[in-house]
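**Q** structure of the sequence below:
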Amino acid sequence: MDFHLKNRSDIAAFVQQEILTSTEAIQILGITRQRLSQLVKKGQLVPLKKEGGVSLFLRSEVEEKKMELEGLRKIFGPDKN
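**A** This is a model prediction of the structure:
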């Protein structure tokens with residue numbers, strides 16, 4: 001994935017649109033904060049930056065993980081007998 005950021009406004013727009021906080025990632029993934037922590041600890045979702053209690057994620061990676069989790073829910077979800 002290539003990003004061509006030419007000026008400050010490009011960078012600001014990129015950060016606004018493509019960088020997610022933990023809370024935003026949790027909402028998109030439909031998981032708990034504890035589950036997000038598990039994914040990070042197992043290396044299944046890697047933050048771009050982690051500073052103290054703040055983690056930042058790339059939107060495309062979160063959305064990719066969402067698709068993976070939705071597929072697993074279809075196979076192993078609670079409505080499956």
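**Q** any weak-confidence spans in the protein?
**A** Judged by pLDDT under 70, the chain has its weakly predicted residues at 1, 79-81.
**Q** if we go to 80?
**A** Under the criterion pLDDT under 80, the flagged ranges of the chain are 1-3, 77-81.
**Q** go ahead and flag the most central residue of it.
**A** The geometric centre of the chain, computed from its C-alpha atoms, lies nearest to Val62 (Cα atoms, centre = their mean), at 2.8 Å.
**Q** that residue in helix, strand or coil?
**A** Classification of Val62 by DSSP: H, G, I helix; E, B strand; the rest coil places it in helix.
**Q** next one: phi and psi at the residue lying closest to it once chain neighbours are set aside?
**A** Of all residues not flanking Val62 in the chain, Ala25 sits nearest, at 4.8 Å (Cβ to Cβ, 6 or more residues apart in numbering). To be clear about C-beta, it is placed using only N, CA and C from the backbone, and glycine gets the same treatment. Main-chain torsions, Ala25, degrees, to the nearest 10: phi -60, psi -40.
**Q** now do the contacts for Ala25.
**A** Counting by Cβ atoms under 8 Å, 6 or more residues apart in numbering, Ala25 makes contact with Leu36, Leu45, Ser55, Phe57, Val62.
**Q** let's see it at 7 Å
**A** Residues counted as contacts of Ala25 (Cβ atoms under 7 Å, 6 or more residues apart in numbering) are Leu36, Phe57, Val62.
**Q** repeat for Ile28
**A** Applying Cβ under 7 Å, 6+ apart, we find Ile28 in contact with Val62, Glu63, Lys66.
**Q** go again using 8 Å as the cut-off
**A** Ile28 makes contacts with Leu20, Val62, Glu63, Lys66, as judged by Cβ under 8 Å, 6+ apart.
**Q** helix, strand or coil for it?
**A** Using three-state DSSP, the structure places Ile28 in helix.
**Q** could you check how far it is from Arg35?
**A** 13 Å (Cβ to Cβ, to the nearest Å).
**Q** perfect, that will be all.
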